[in-house]
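Visitor: Predicted model and sequence follow; I will ask about them next.
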Amino acid sequence: MNFHVLTLFPDMIIDGLNTSITGRAIKNGCLSVEAVNIRDYANNKHMKVDDYPYGGGAGLVMQAAPVCAAYDSLVQKIGKKPRVVYMTPQGYTFNQKMAQDFAKEDDLVILCGHYEGIDERALERIVTDYVSIGDYVLTGGELPAMVVIDTVSRLVPGVLHNSESAETESFENGLLEYPQYTRPEVFEGKKVPDVLLSGHHANVEKWRLEKSIERTKKYRPDLYEEYCRKQSGT
Ligand SMILES: C[S@@+](CC[C@H](N)C(=O)[O-])C[C@H]1O[C@@H](n2cnc3c(N)ncnc32)[C@H](O)[C@@H]1O
């Protein structure tokens, strides 16, 4: 899968994703992440890409022309109009279902704002999806873009090794994941639950499901209600 990030801070994206599991996937060719510097498409000699907002008010707004020019050059390179996700606190809240949907694309463009955001006319021309990572405001869209890329990447075939399977993770079955333990068997006097040492696969699965349900009920009553509704077929 190919991610193309339109940003004023390309180093943040490349440095942030070139490590750990995403870094490995980029090296082995399962993923490619390209950061396109919007400033390279400025149409003035000072390479300025922002200006004061019409109507007054604080801050600066990213201009439409360089954003659209950067997008147009990508369309030409990809050879088709891709899906364009604008990271914005005003968008739909990102979740696992959205990640599964994005993972179906061969090419995904992610647009990062900065300052007060981007001139609405550019957004109207190029954006297909408005996505927020939560009800808080960051300085720029680069960290949100990395959150989306990291989450989607884990769903791309070949990115996770078998031992890192995404299938049992939180949200995949509508529940939060069960508690995890590793060696040693006893840590500061606390023992790993006996059932996990029993070797009895069915009992382990039963215990994990019970713990998943217990956790979901405690921390995410909204998901728990939805799970109960689905289980009872209503
Ligand atoms: C300071 S914010 C602009 C906020 C905008 N003036 C508003 O009130 O909606 C600058 C940029 O950071 C990014 N951003 C900030 N918070 C975000 C969030 N919760 N989710 C996704 N992107 C966010 C967006 O790309 C945004 O254009």
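Guide: Everything's here; your move.
Visitor: dump the residue contacts of the residue of the chain at minimum distance from the ligand.
Guide: Residue nearest to the ligand within the chain: residue 113 (2.1 Å; C-beta to the nearest ligand atom). For the C-beta atoms, the positions are set from N, CA and C on the backbone; glycine is no exception. Residues near residue 113 by C-beta atoms under 8 Å, 6 or more residues apart in numbering: 62, 86-88, 140-141.
Visitor: Distance of it relative to residue 38?
Guide: The spacing between residue 113 and residue 38, counted by C-beta to C-beta, to the nearest Å, is 10 Å.
Visitor: Need the residues touching each of the two.
Guide: residue 62.
Visitor: what are the pairing partners of whichever strand in the chain runs longest, and which direction each?
Guide: Counting residues, the longest strand in the chain under DSSP state E turns out to be strand 83-93. Using DSSP bridges, strand 83-93 pairs in its sheet with strand 107-112 (parallel), strand 129-132 (parallel).
Visitor: Dump those to TSV, plus mean neighbour count.
Guide: Shown next, in TSV, are the strands paired with strand 83-93 (neighbours: other C-beta atoms under 10 Å):
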stretch	mean neighbour count
strand 107-112	25
strand 129-132	19
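Visitor: For residue 75, which of these is the nearest?
Guide: Among the strands paired with strand 83-93, strand 107-112 comes nearest to residue 75, with 8.9 Å by C-beta to C-beta.
Visitor: How many residues are close by the residue lying closest to residue 197 once chain neighbours are set aside?
Guide: Closest residue in space to residue 197, ignoring its immediate chain neighbours: residue 185 at 7.0 Å, by C-beta to C-beta, 6 or more residues apart in numbering. Close neighbours of residue 185, defined as other C-beta atoms under 10 Å, add up to 11.
Visitor: What ranges does this structure have for its strands?
Guide: Going by DSSP E, the chain shows strands at 2-7, 32-37, 50-51, 61-62, 83-93, 107-112, 129-132, 186-187, 190-191.
Visitor: circling back to that earlier point, possible to save the contacts of residue 113 as JSON lines with pLDDT?
Guide: Below are the contacts of residue 113 laid out as JSON lines (pLDDT from 0 to 100):
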{"residue": "62", "pLDDT": "98"}
{"residue": "86", "pLDDT": "98"}
{"residue": "87", "pLDDT": "98"}
{"residue": "88", "pLDDT": "98"}
{"residue": "140", "pLDDT": "98"}
{"residue": "141", "pLDDT": "98"}
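Visitor: No more questions from me, cheers.
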